[in-house]
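Asks: This is a predicted model, with the sequence first.
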Amino acid sequence: MENNKWNFDNSYLSLPEFFYTRQNPVPVRAPETVIFNEGLANELAVPNQPQVFAGNIVPENTEPIAQAYAGHQFGHFTMLGDGRAILLGEQITKEGERFDIQLKGSGKTPYSRDGDGRAALKPMLREYIISEAMFKLGIPTTRSLTVMLTGENVIREKLLPGAILTRTASSHIRVGTFEYASRFGSISDVRKLADYTITRHFPNLENHEDKYLHFLKEVINRQAYLISKWQSVGFIHGVMNTDNMSICGETIDYGPCAFMDMYDPATVFSSIDTYGRYSYGNQPKIAVWNLARFTETLLPFLNDDEDKAVKIATGEIENFHELYQKYYYSEMSVKLGIDDIQVGKPSDTINANIPYCNSNNRKIVDEWLEEIKEKKSDYTNSFPNPIIVPRNHKVEEALETAEKGDLSLVEKLLEALGGSYNEEFGNPAEQSETSCRYRTFCGT
């Protein structure tokens, strides 16, 4: 740890100031470290500096910003932005990789609207636990570096201990970032954002003759892979708004998320998802809907003729289903122990190496899912791989004790999710049917 130091760059500032507001985090009264991810810190060569993670000190050579973006929330377009988050900068690792370092719960910004810009301890710890679990499960995700107590309370339904989460990500560029540029900016702004995103995440496309078309293909491919991974482990994001879909294909913004116990495609956990828009079974369909909104922003760059551009875009969106099916059934075949399936990952260039699962194997998967649905079986234990996921009742138990100052259950849960098997975390609640009534909240 002694050799770790900040090595910040702020390439996002190369975009027009229309995309962000320069702002420091708001200092807090009495910062205290709750949990620190030493393994991740070493990977990123990040020093353990609590005053930085609390927002009380800004490291040298960085220019903190709040990012602007928009989004469709439950199907309705709205202006958004980092209402309680500050991007400190981009840490460059020893291998030359670039990761955003963002403080979540760091105070009001120009995009806060009526919010207080702060966060409570339990939802920040929830994100820490679930995002680390997703990482251990091999699912593309943002990660959590540390959770800090602020020494101040936040007002929700009651007074709660305030906290700040430090999140790392390949970037925080969202579908909603492109929607913001398209709706409130110019075609030039959208092009600059697209060029920046290609340079940062898809550098092999920079000199491609049809780079925007291939950019679209790559984003669709990564989302198909990501959603297939979610579905394979029974993960329900809970709030798949377009501002919560990362362009680089990482799981982002863990709010009312949870893992399904009893298998039922209609399962919903989010307290605000009244009509089941973001249910487990709807996640692939919502991904297509979100990608359609992204594709609309790129139409001017796909063809000068609008009708031809729409036709090209429609064809690419329709490809999602085939890509998703290939990824999903290959994942599920492996879970069932079906041979001759090699699980693939999205490459920088889409090619014929995407895994394929034949119709007979797909039928086996579908019949198995119907069987466990009819029997109201526990999803994870019906295979059972992975052996341990963050069971909702265990996550809640760990968060309740943590709020009282006892981190022992959080630590035991993280150890179990990291591969240290503990039977205590392997089983669902005694009556898994009650999981249908389990509700999670976004924490704002």
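Replies: Right, received. Where do you want to start? Numbering: from 1, shown residues only.
Asks: can I see the domain layout of the chain?
Replies: If you go by automatic domain parsing, the domain ranges for the chain are 8-173, 176-367.
Asks: By mean pLDDT, show me the worst of these.
Replies: Ranked by mean pLDDT, these bottom out at domain 176-367, which scores a mean of 92.
Asks: How far off centre is that one?
Replies: Per CA atoms, centre = their mean, to the nearest Å, the displacement of domain 176-367 from the mean C-alpha position of its chain is 12 Å.
Asks: ok, the residue found closest to residue 58 once you drop the neighbours it is linked to in the chain - how many residues close by?
Replies: Closest residue to residue 58 apart from its sequence neighbours, by CB to CB, 6 or more residues apart in numbering: residue 24 at 5.6 Å. To be clear about C-beta, it is placed using only N, CA and C from the backbone, and glycine gets the same treatment. Residues lying near residue 24 (other CB atoms under 10 Å) number 18.
Asks: Look at residue 24 and tell me its secondary structure.
Replies: coil (DSSP: H, G, I helix; E, B strand; the rest coil).
Asks: As a quick check, tell me the outermost residue of the protein.
Replies: For the chain, the residue at maximal distance from the C-alpha centroid (CA atoms, centre = their mean) is residue 305, at 35.0 Å.
Asks: Let me see the contact set for it.
Replies: Residue 305 is in contact with no residue at all, counting by CB atoms under 8 Å, 6 or more residues apart in numbering.
Asks: Quick check: phi and psi on it?
Replies: phi -90, psi 120 (degrees, to the nearest 10).
Asks: what sits against the residue nearest to residue 58?
Replies: 55, 58, 64, 86.
Asks: Compare these and tell me which is most surrounded.
Replies: Going by other CB under 10 Å, residue 86 tops these with 27 neighbours.
Asks: Point me to the helix or strand that includes that residue.
Replies: strand 85-92 (DSSP states H and E).
Asks: what helices or strands is that strand leaning on?
Replies: Contact partners of strand 85-92 among helices and strands, from 3 or more CB pairs under 8 Å, 6 or more residues apart in numbering; DSSP states H and E: strand 8-9, strand 65-67, strand 98-104.
Asks: Relative to residue 30, which of those strands is closest?
Replies: Each of the helices and strands packed on strand 85-92 has some distance to residue 30 by CB to CB; the shortest is strand 98-104, at 16.5 Å.
Asks: Return the residues in contact with residue 12.
Replies: Residues near residue 12 by CB under 8 Å, 6+ apart: 19, 20, 65, 67, 87, 90, 171, 196.
Asks: Assumed the last one was part of a helix.
Replies: Same thing as residue 196. Yes. Residue state for residue 196 (three-state DSSP) corresponds to a helix.
Asks: does it really touch residue 16, like I thought?
Replies: No. The pair residue 196 / residue 16 is not scored as a contact, 10.4 Å apart, by CB atoms under 8 Å.
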